[in-house]
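Participant: coordinates for the following, if possible.
(one chain, ligands or ions: 1)
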Amino acid sequence: MSNVVVVGGGAAGMVAAIAAGQKGHNVILIEKNEKHGKKLFITGKGRCNITNDSDEQGLLANVVSNPKFLYSAFYGFNPQALKEMVESAGCPLKTERGARVFPVSDKSSDVIKAFEKLLRDANVEVRLNTTVREVIVRDGKAIGVRIIRKNPNHTASKSMPVPADYVIVCTGGITYPLTGSTGDGYRFAAQTGHSIRRPRPSLVPFITKENWVKDLAGLSLKNVSLTVKNGNKEINSGFGEMLFTHHGISGPLVLTASCYTDFEKMKDVHAFIDLKPALTEEQLDKRVLRDFSENENKSITNALSDLLPQSLIPVIVSEAGIEKDKKVHDITKAERAEIIRNLKGLHLTVTNSAGPEESIITSGGVSVKDIDPATMESKIISGLYFVGEVLDVDALTGGFNLQIAWSTGYAAGSSIGE
Ligand SMILES: Cc1cc2nc3c(=O)[nH]c(=O)nc-3n(C[C@H](O)[C@H](O)[C@H](O)COP(=O)(O)OP(=O)(O)OC[C@H]3O[C@@H](n4cnc5c(N)ncnc54)[C@H](O)[C@@H]3O)c2cc1C
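Facilitator: All right, here's what the predicted structure looks like:
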């Protein structure tokens, strides 16, 4: 039996440790926080959308970066296998709209408790409050890690080596750094000769130049279309829900669009909201004319209440270049055309994403070219593995990102010593 060190007690690390422990290896799981699964705790708004109940092809279709790399991991440990593992540890699951799987209790803490039981059953030694500083490599092989323990007396702690036959790095990305994911794994990978695709926040709100968004903060729009372009080139388009924030826009449509928007490369990003996607411009014009004829003597801001949420009306009127007090009977054909144009494509200049503190995942990471997709072992350093979000893989919302963590973690842990 071999000595295995797993670095990081998040989703990927816990499954990697459990899989290796179940094979009878001596496993130490090292986590820098005072408890494991801190990020898991906040997933799914505290309910933990643990996976998506779809087949492997369905999973792959929702992966944004490097889906082919995940083929073998998804087939080796799919949502069904994950569900059986978690339910066997006393956490029953349910499936909701969009095949999203949650614990029946709606408590992410119950998922964490299930993993704690599985870790105990697999005889994994858990070391909390312990940070890995470095992966130790000799002659092209990982031989351990160097750790430093948080000292309760706040006096300086000495770093010390922990020898191992195998090291699995599961340190996550750079998002929500307060949960412990501070990008340490990228440093370990770079120091040991691996390529890194520049990490950037993804599934993240957009910041816009237009100040009027703050007047709409909290307003959520349903059944709208959002198109995001860089210059004239369409980046992403979708139909569904979004919302305004104090600094820009967010919600499901925006988060999805953010997966395809790299602000380092794209410098001319614009969002267009079609507020009435079910109607053509002609149909919408007829509809507006009807509303106008019923409100001829009212000001324009009081004539659009049937068509739009109240707070949005002044924005549309102003963007159309019309005085807010102008009477409906004075609105020209050209002004009406401007209203229609804005209803079908309310424009926002997107200056950036909201940053790692607000982003759900990290896009980029350890290049999959350097990793064996069947086992997650490095092709450069033997005995060294990278799994979960630290890798250059990411997916859309719906439980897919956690399934990446479970599947890649299992691939590494279960292949040790084979
Ligand atoms: C608000 C929010 C909600 C989300 N909701 C969902 C959801 O419902 N469904 C879904 O599929 N995905 C969701 N995600 C994404 C999902 O949480 C991540 O993709 C997943 O947690 C990645 O797992 P991981 O194990 O690779 O990394 P992490 O969960 O980030 O775990 C990494 C661990 O490594 C530890 N660590 C880091 N460096 C060191 C070191 N040097 N030494 C020791 N330990 C270290 C960290 O403390 C941390 O515990 C959400 C993310 C966020 C931020």
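
Participant: the ligand contacts on the chain?
Facilitator: 7-13, 30-33, 38-40, 42-44, 48-49, 131-132, 170-172, 175-176, 180-181, 184, 360-361, 388-389, 399-402, 405 (C-beta under 6 Å from any ligand atom). In this view, the C-beta of every residue, glycine as well, is placed from N, C-alpha and C.

Participant: just these: which are in strands?
Facilitator: 7, 30, 131-132, 361 (DSSP state E).

Participant: wait, what's in contact with the residue of the stretch 251-400 of the chain found nearest the ligand?
Facilitator: Scanning the stretch 251-400 of the chain for the residue nearest the ligand gives Gly388, at 2.3 Å (criterion: C-beta to the nearest ligand atom). By C-beta atoms under 8 Å, 6 or more residues apart in numbering, the contact list for Gly388 reads 8, 10-13, 170, 172, 404-405, 408-409.

Participant: please name the nearest non-neighbouring residue to it.
Facilitator: Ala12 (2.8 Å; C-beta to C-beta, 6 or more residues apart in numbering).

Participant: can you check the pLDDT for that neighbour?
Facilitator: pLDDT recorded at Ala12 is 98.

Participant: and for it, the neighbour number?
Facilitator: 32 (other C-beta atoms under 10 Å).

Participant: list the residues that contact it.
Facilitator: Applying C-beta under 8 Å, 6+ apart, the residues contacting Ala12 are 170, 172, 387-390, 405-406, 408-409.

Participant: ok, these vs Asp268, which is closest?
Facilitator: Proximity of the contacts of Ala12 to Asp268 was ranked by C-beta to C-beta; the top entry is Glu389 with 29.3 Å.

Participant: thought Gly365 was touching the closest one, still the case?
Facilitator: Yes: contact criterion C-beta atoms under 8 Å: Glu389 and Gly365 qualify, at 6.9 Å.

Participant: what's the overlap in contacts for these two?
Facilitator: Gly173.

Participant: point out where this structure drops to low pLDDT.
Facilitator: Scanning the chain for pLDDT under 70 picks out the ranges 152, 154-156.

Participant: sorry, back to before: quick check, nearest of the contacts of Ala12 to Lys276?
Facilitator: Distances from Lys276 to those, taken by C-beta to C-beta, are shortest for Glu389, at 38.2 Å.

Participant: contacts only, for that closest one.
Facilitator: 10, 12, 172-173, 181, 361-362, 365, 401, 404-405.

Participant: residues contacting the helix or strand containing Lys113, please?
Facilitator: Element membership of Lys113, judged by DSSP states H and E, is helix 108-121. Helix 108-121 has contacts (C-beta under 8 Å, 6+ apart) with 14-15, 17-18, 21, 29, 36-37, 40-44, 46-48, 50, 85-86, 89-91, 103, 126.

Participant: next: stretch 325-336.
Facilitator: With C-beta under 8 Å, 6+ apart, stretch 325-336 has contacts from 285, 288-289, 292, 295-301, 303, 320-322.

Participant: this completes my enquiry, with thanks.
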